[in-house]
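Student: model the structure of this input:
(4 chains)
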Protein chains: 4
Amino acid sequence: MCRWLGYLGSPIEPRELLYDPERSLIEQSRRHAPDMAVPNGDGFGLGWYGRREVPAIFHSATPAWGDRNLHTLASEIFSPLFLAHVRAATGTPVQETNCHPFAWGRWMFVHNGYVDGYEGLRRDMLLAVRPDLFPNVKGTTDSELLFHLALTFGLEEDPIGGLERMAGFVESLGAAAGIAEPLQMTVGVSDGERLWAARYASGPVVNTLYYSADVESLRELYPESERFAHFGADSRVVVSEPLAPLPRLWHEIPAGTALVLGKGQAEQVPFRPRPPA
Amino acid sequence: MCRWLGYLGSPIEPRELLYDPERSLIEQSRRHAPDMAVPNGDGFGLGWYGRREVPAIFHSATPAWGDRNLHTLASEIFSPLFLAHVRAATGTPVQETNCHPFAWGRWMFVHNGYVDGYEGLRRDMLLAVRPDLFPNVKGTTDSELLFHLALTFGLEEDPIGGLERMAGFVESLGAAAGIAEPLQMTVGVSDGERLWAARYASGPVVNTLYYSADVESLRELYPESERFAHFGADSRVVVSEPLAPLPRLWHEIPAGTALVLGKGQAEQVPFRPRPPA
Amino acid sequence: MCRWLGYLGSPIEPRELLYDPERSLIEQSRRHAPDMAVPNGDGFGLGWYGRREVPAIFHSATPAWGDRNLHTLASEIFSPLFLAHVRAATGTPVQETNCHPFAWGRWMFVHNGYVDGYEGLRRDMLLAVRPDLFPNVKGTTDSELLFHLALTFGLEEDPIGGLERMAGFVESLGAAAGIAEPLQMTVGVSDGERLWAARYASGPVVNTLYYSADVESLRELYPESERFAHFGADSRVVVSEPLAPLPRLWHEIPAGTALVLGKGQAEQVPFRPRPPA
Amino acid sequence: MCRWLGYLGSPIEPRELLYDPERSLIEQSRRHAPDMAVPNGDGFGLGWYGRREVPAIFHSATPAWGDRNLHTLASEIFSPLFLAHVRAATGTPVQETNCHPFAWGRWMFVHNGYVDGYEGLRRDMLLAVRPDLFPNVKGTTDSELLFHLALTFGLEEDPIGGLERMAGFVESLGAAAGIAEPLQMTVGVSDGERLWAARYASGPVVNTLYYSADVESLRELYPESERFAHFGADSRVVVSEPLAPLPRLWHEIPAGTALVLGKGQAEQVPFRPRPPA
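Tutor: Numbers count the residues shown, from 1 in each chain, chains lettered A, B, ... in the order given. So this is what the prediction gives:
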C-alpha cells in the first residue's frame, strides 16, 4: 500500500508536509502503522507546478527517507500545488519509470492501490490506451495504465468522468476474467489549477482518503498553532493517511466519493464507475 | 551502439574476456573508438550458465566500468557459456529492466542495434508478442521485443528460423509505416548448450560481428601466449568488436549470415528474413 | 538496527536462509517486528567464500527485498561459508561503500549496532587505524571503522582478542568524550575457515544474537522436516534474529560472550573489552 | 578529467548552458574530445542559489546524459548563480557523496583535476582538516578534501588566499612524499554573491579554464544571436572547456591565475601557492 498527498493553496515549501508533521509523508514511508504490512520504500516522486505550465517531476527508485536530493528540493521549492507519493511495489519492478506522479502535458496523477490480477489484465489494459498516448507509457505499473486509460476516456475534458470510465473499464475487464474485486484505488489528479481526488474499490475494503478542514476553522480550533497561522485561507491538503492526530483537522472522504479542490472550492461528489461507452 | 560478447567452451572466469584483453569489453564500454559516437555507459548485463538449467542474470543500470559487483563476479564465476552486454541507450530509459541479456526459461538473448521508428512501431510489436510470453516483457526496449517476437515465431524449436521470422516481421511492419531501413542488428542467443549469432540490417550499413579462430590455430600462431594455452580446444568467442588487434584471431561474420556454435561446431549459415507465415 | 546472519557448514544456496524461512533475513528487512522501529532498507550485502581464498562481496544500496540480482545470486551461489547483512542506516549515507560485509584480504566482517556520538568520535577512530590499512577504508560508517580498528589491534592473529581490544578502545574513547554508553554491537567475522561472533554493549540493553542447535538434535526434534534432512552434521547458522519460531532451534548467545564456529566446533567464550595495550 | 561550469549574472535556466549549446556541458560529458580519454559518466552535480542563503545541491551517481531529473530541474530552476559538474572518477567510488559541488554553509566548490599519489596522501590531508569541519567530509575524494583544506586555511575570509594555502599545503605534502607533480586543478568557488575560479598545476601541463567575454562585446560580435539578446549585461560563464566554438567568445585564463567574478566585476589576479603559515 502506497501513501500520497496533494496540496493546493498559498505557495509553501513541500517540506512543511513531507518532513515536518508528526506523521509526515516521509515518516509514513518507513514507520510501521497498523495497516502497513511493508514499508513504502520502493521509490517516490514529487510533482509540482512552478514556473511553467507543465508540472516538474522528480522521481527516485530509492527509499524517500534517505534521499538527500528530495530533502533539498523540499525546502528549495515553493509551490501552490503539488503531489507527492511514496511507493510500496506490488509486483512490478522498482525503477524511476514506475514512480508516481505520472504526467501528460499539464496533467499529473498519483495512485494508491492495485489492479487485482494485473499480470493477466495488463495486455488488454495496454491495448485499450489511445494510440497517441501509447508512447507516453514509460513504465510497467498498473497505476500508469489507470492514468492513461482515464486520459483515453476523457480525463482532460471531464476529470471525474474520465476516472469513472477508467474504473468502469477495469471492472468489466476484471469481471470478464473472473476476478472478484479487480480495483482498489485512491487517486489524485491535477491540471495545475485544480486538484481532484477519488476513493473507490470494487469490494468493501477501501483504502482511506482524507482532506484537511478549512484553515479558518483550524485557526479557531488551534489558536496557538504557528503552523496554521501562515497558511492561506484556501489551502487544503489531501492525504491517504492523516499527517497528525489532531481532532477535527481531517475529514474522511467516503468510499465511492470524489473531491474537487479549487480556489475557494472543496466539493464532494459521487464517484460511480461506468462503462467507457 | 552497444557492445556484446558470447563465450562457449571450457569453463573460464568471464574476467578473462571482460577485463583482461587490451580492448576488453569493459574497455570498449568507455574508450573512444572511431565508430563509437557515445560511450556504452547506460547499464550492462552478464548472463551465464552455472549450476542450474536456467541462466543466471546480473543486471545493473550503471556504467560497467565502475561497477565493483561486476568486477567481483567476473572473477568468482566459472562458466562454460556466457553472454555479456554493455548498453548505449537509443531513447528508452536507463534501468535494469532495459539491460541485456533478456531471458526466458533456459534461453537468453543480447542485441546490438535498433529498430528505426521504434516509438511508432512499439505498440504493434508488443501486440504481436504471444500472450503467454507477454508477462515476461519487463522493460521497454526494442531489443526485448525482438527477443519475444523471435520466441513467438518459434525460436525455441528453430533458433535461426525464429530470428529470421522476427526480422521479417519487423521489415514488413517498417515497410507498412514507410520506414526505409527499419532493422539494424547483431544478436546472440543461447539455450545453455549452443550459441547462435546473427548479423543483419535492412540497409547497406551493418553492425559488425566477429568470432574467434579455433584454439589450435591460435596456439600455432601465438605459441608463447599464455592466454591460449589453457583455453580448451573447442572454446570460441563471438564479439561485436575484436577484443585485441591480433591478426588472424578474428573472423568477420558477413552481413546476412548466422553462426552456430556448439561442442566442436562452428558453422556459418545464411540469414534470410522472411514473413512469420 | 540492522540484521545479519552467518552460515558455516556443508555448501548450500544462500537462498535457503535468505529467502525460504518463515522469517527469512529478507523478510526481516521489511516486515515489522516489535523491536524494529524502521525497516532495514538502506542497502545490503552478501559475502561468500567460493572458488577463491578471498571472499566474494556483493553490495547494493537499494532495499534487499526488491533486488533481482540478489535473488538470482542467492540461488546460483553454492557456498560453505557466508555472511549476509541488511542495513538500517544510523546517520551515514546510503551507498555501497557503507554496506556490510567489509573485507580485508581473506577476512570479512558484519556489524549490527552503533557507536554513540560517532560524529564526534569518527576523527579519532580514523586516526587510530593502522596507516597501511587506511586506504582500505572506503566508506564512512562506524561499522567499517570498528573492523579496521580490530584489524589494527590484531584481529588476524587473535580474532576474539582483536575484537576485545577494538571494543576497549571505543569504550575509552567514549569515556574521554563523556559518552555514557558508547558501544552497541553484535559482530560476525570470518577468515574463510572459521566464523567468530560476539555480542556486547556498554550498557544493559544489548542487541540479540543466536546460533542454531546442532543438526543431529534438530533432526530428532523435527524428524519430518525436509529442511534439516540435507544439511550437513556440522552446519551452523548465527543470526541477529531467529529465522523461524521453532522451539529449541535457537540458542541465545549471552551478552558479553563470543562464539567460535569451526569444523565440528561451536564454542562460547567470554568477551571482555580491554585496552589495546 | 572532469568538466565543470559556473554562471553568474541575470537569472537564467541552467538548461541554457547545460543542454542547449552545441558543446553543452551534458554533451561534453559523453562526446569524445581530443583530450578526453574517458567519458565524464561517473556522476554529476548541480548547485544553485535560489530562495535561500545556502546553495541547493542536486547530486546523482549516474551519467548526466541520461538523467531525467537533471533535465527537469535544469528547466525548472531559475538562478543568478550556479555551478555544474560532470565527473570522471580517478580511483574513488562512484557515489553521490563523491559528486561535486561540495558545500559548507553558504559556500560551494567544484574541482577538475587530481592529487597525484592521493591514496598515500589521503590520511595526512584528512588529518589537516580543521576538526569542526571534519564531520562535513561525507565522501572520499581528493576534491572534497581540497575544499575542506581551503576552508581550514581561511577560504571564507580570503577565498584566493585560502585556495593558495591549500595548494601550498598539497605541494609540500607531495614533496615530502617524493611526488614530482602532486597537484592538478581548476576550481570554482562561490558564496552566493561572487564566483572565484583558479587554474593551477604543479607541472607544465595544466587543465584548461575559460570565461566568457562581456555580453556587450558579444552582442556587437553576434548581433543576430538571440541567445545573447536576453542575457544581462553582467552575465559571465566560467568553463573548463568552451561550450561553443565562437571566436572571441572565450578568454583563456592563464595557468597560475585566478579569476574573481562579481556584479560588474571580472578581474584576473595571480594564483601563487604558499605554505599555510
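Student: quick one: contacts for the residue lying closest to A:Thr90 once chain neighbours are set aside?
Tutor: Closest residue in space to A:Thr90, ignoring its immediate chain neighbours: A:Tyr114 at 4.9 Å, by Cβ to Cβ, 6 or more residues apart in numbering or on different chains. (C-beta placed from N, C-alpha, C; glycine too.) Counting by Cβ atoms under 8 Å, 6 or more residues apart in numbering or on different chains, A:Tyr114 touches A:90, A:142, A:184.
Student: mark which of those residues are part of helices, please.
Tutor: Counted as lying in helices by DSSP state H, out of those, are A:Asp142.
Student: shouldn't A:Pro254 be in contact with A:Arg199?
Tutor: Yes - counting by Cβ atoms under 8 Å, A:Pro254 touches A:Arg199, with 7.2 Å between them.
Student: these two - which one has more neighbours?
Tutor: Higher neighbour count among A:Pro254 and A:Arg199: A:Arg199, with 24 against 12, using other Cβ atoms under 10 Å in any protein chain shown.
Student: give me the pLDDT for the more buried one.
Tutor: As predicted, A:Arg199 sits at a pLDDT of 98.
Student: do A:Thr141 as well
Tutor: So, for A:Thr141, pLDDT stands at 97.
Student: okay, now it: neighbour count?
Tutor: There are 26 residues near A:Thr141, going by other Cβ under 10 Å.
Student: just the pLDDT at A:Glu226, thanks.
Tutor: 72.
Student: ok, how many other residues are close to it?
Tutor: 7.
Student: please apply the same query to A:Ala197.
Tutor: A count of nearby residues for A:Ala197, using other Cβ under 10 Å, gives 28.
Student: what residues does chain A have near chain D?
Tutor: Listed as neighbours of chain D in chain A under the rule Cβ under 8 Å from any Cβ of the partner chain: A:50-52, A:56-60, A:68-69, A:72-73, A:75-76, A:78, A:96.
Student: and those, which are buried?
Tutor: Applying 16 or more other Cβ atoms under 10 Å in any protein chain shown to the residues of chain A next to chain D, the neighbour count classes A:50, A:56-60, A:69, A:72-73, A:75-76, A:96 as buried.
Student: ok, which pair from those residues is furthest apart?
Tutor: A:Ser75 and A:Glu96 (22.1 Å; Cβ to Cβ).
Student: could the contacts of A:Tyr114 be laid out in JSON lines, adding distance to B:Pro275 and neighbour count?
Tutor: Shown next, in JSON lines, are the contacts of A:Tyr114 (distance: Cβ to Cβ, whole Å; neighbours: other Cβ atoms under 10 Å in any protein chain shown):
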{"residue": "A:Thr90", "distance to B:Pro275": "40", "neighbour count": "18"}
{"residue": "A:Asp142", "distance to B:Pro275": "35", "neighbour count": "25"}
{"residue": "A:Gln184", "distance to B:Pro275": "44", "neighbour count": "21"}
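Student: could you dump the contacts of A:Tyr114 to a markdown table with distance to D:Pro21?
Tutor: Below are those laid out as a markdown table (distance: Cβ to Cβ, whole Å):
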| residue | distance to D:Pro21 |
| --- | --- |
| A:Thr90 | 44 |
| A:Asp142 | 41 |
| A:Gln184 | 48 |
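Student: out of the contacts of A:Tyr114, who's nearest chain C?
Tutor: Each of those was scored against chain C by Cβ to the nearest Cβ, and A:Thr90 proved nearest at 11.3 Å.
Student: check contacts around the residue in the stretch 151-277 of chain A that chain C sits nearest to.
Tutor: Among all residues of the stretch 151-277 of chain A, A:Glu241 sits closest to chain C, at 15.7 Å; criterion: Cβ to the nearest Cβ. For A:Glu241, the contact set (Cβ under 8 Å, 6+ apart) comprises A:3, A:23, A:28, A:33, A:208, A:210.
Student: restricted to helices, list those.
Tutor: Going by DSSP H, the helices hold A:Gln28 from those.
Student: closest point of the stretch 51-200 of chain A to chain B, which residue?
Tutor: For the stretch 51-200 of chain A, Cβ to the nearest Cβ, closest residue to chain B: A:Gln95, 4.3 Å.
Student: what does the pLDDT read for the closest residue to that residue other than its chain neighbours?
Tutor: Closest residue in space to A:Gln95, ignoring its immediate chain neighbours: B:Gln95 at 4.3 Å, by Cβ to Cβ, 6+ apart. pLDDT for B:Gln95: 96.
Student: burial count for B:Gln95?
Tutor: 26.
Student: where does chain A come near chain B, residue by residue?
Tutor: Proximity of chain A to chain B, by Cβ under 8 Å from any Cβ, involves residues A:61, A:93, A:95-97, A:119-120, A:122-123, A:126-127, A:131, A:134-135, A:138-140.
Student: who touches stretch A:260-269?
Tutor: With Cβ under 8 Å, 6+ apart, stretch A:260-269 has contacts from A:6, A:8, A:160, A:193-197, A:211, A:214, A:234, A:236, A:238, A:253-254, A:257-259.
Student: got any ranges where chain A has weak pLDDT?
Tutor: A:32-36 (pLDDT under 70).
Student: who touches the helix ranked longest in it?
Tutor: What stands out as the longest helix in chain A, according to DSSP H, is helix A:159-176. Helix A:159-176 is contacted by residues A:115-117, A:121, A:124-125, A:128, A:146, A:149-156, A:181-183, A:185, A:187, A:189, A:191, A:194, A:196, A:198, A:200, A:202, A:258, A:260, A:269, A:271-277 when judged by Cβ under 8 Å, 6+ apart.
Student: among those, name the ones in helices.
Tutor: Per DSSP H, those map to helices at A:121, A:124-125, A:128, A:146, A:149-152.
Student: list only buried entries from the residues you listed.
Tutor: A:121, A:125, A:128, A:146, A:149-152.
Student: would you mind giving the residues you listed as a markdown table with distance to D:His230 added?
Tutor: What follows is these, written out as a markdown table (distance: Cβ to Cβ, whole Å):
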| residue | distance to D:His230 |
| --- | --- |
| A:Leu121 | 51 |
| A:Met125 | 46 |
| A:Ala128 | 45 |
| A:Leu146 | 42 |
| A:Leu149 | 42 |
| A:Ala150 | 39 |
| A:Leu151 | 35 |
| A:Thr152 | 40 |
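Student: pick out the most distant pair among the residues you listed.
Tutor: A:Leu121 and A:Leu151 (18.0 Å).
Student: isn't A:Glu144 up against A:Phe102?
Tutor: Yes - the criterion here is Cβ under 8 Å, and A:Glu144 meets it with A:Phe102 at 5.0 Å.
Student: those two: which is more packed in?
Tutor: Neighbours per residue (other Cβ under 10 Å) separate A:Glu144 from A:Phe102, with A:Phe102 holding more: 29 against 24.
Student: quick one, what contacts the more buried one?
Tutor: A:108-110, A:139, A:143-144, A:147-148.
Student: now do 10 Å
Tutor: A:45, A:47, A:57, A:59, A:85, A:108-111, A:136-139, A:141, A:143-148, A:151 (Cβ atoms under 10 Å, 6 or more residues apart in numbering or on different chains).
Student: returning to that earlier point: of all the contacts of A:Glu241, which comes closest to chain D?
Tutor: A:Arg3 (21.0 Å).
Student: before we move on, back to that, okay, the ones in helices among the contacts of helix A:159-176 in a markdown table with distance to chain C next?
Tutor: Output for these, formatted as a markdown table (distance: Cβ to the nearest Cβ, whole Å):
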| residue | distance to chain C |
| --- | --- |
| A:Leu121 | 22 |
| A:Asp124 | 26 |
| A:Met125 | 23 |
| A:Ala128 | 28 |
| A:Leu146 | 22 |
| A:Leu149 | 26 |
| A:Ala150 | 27 |
| A:Leu151 | 28 |
| A:Thr152 | 30 |
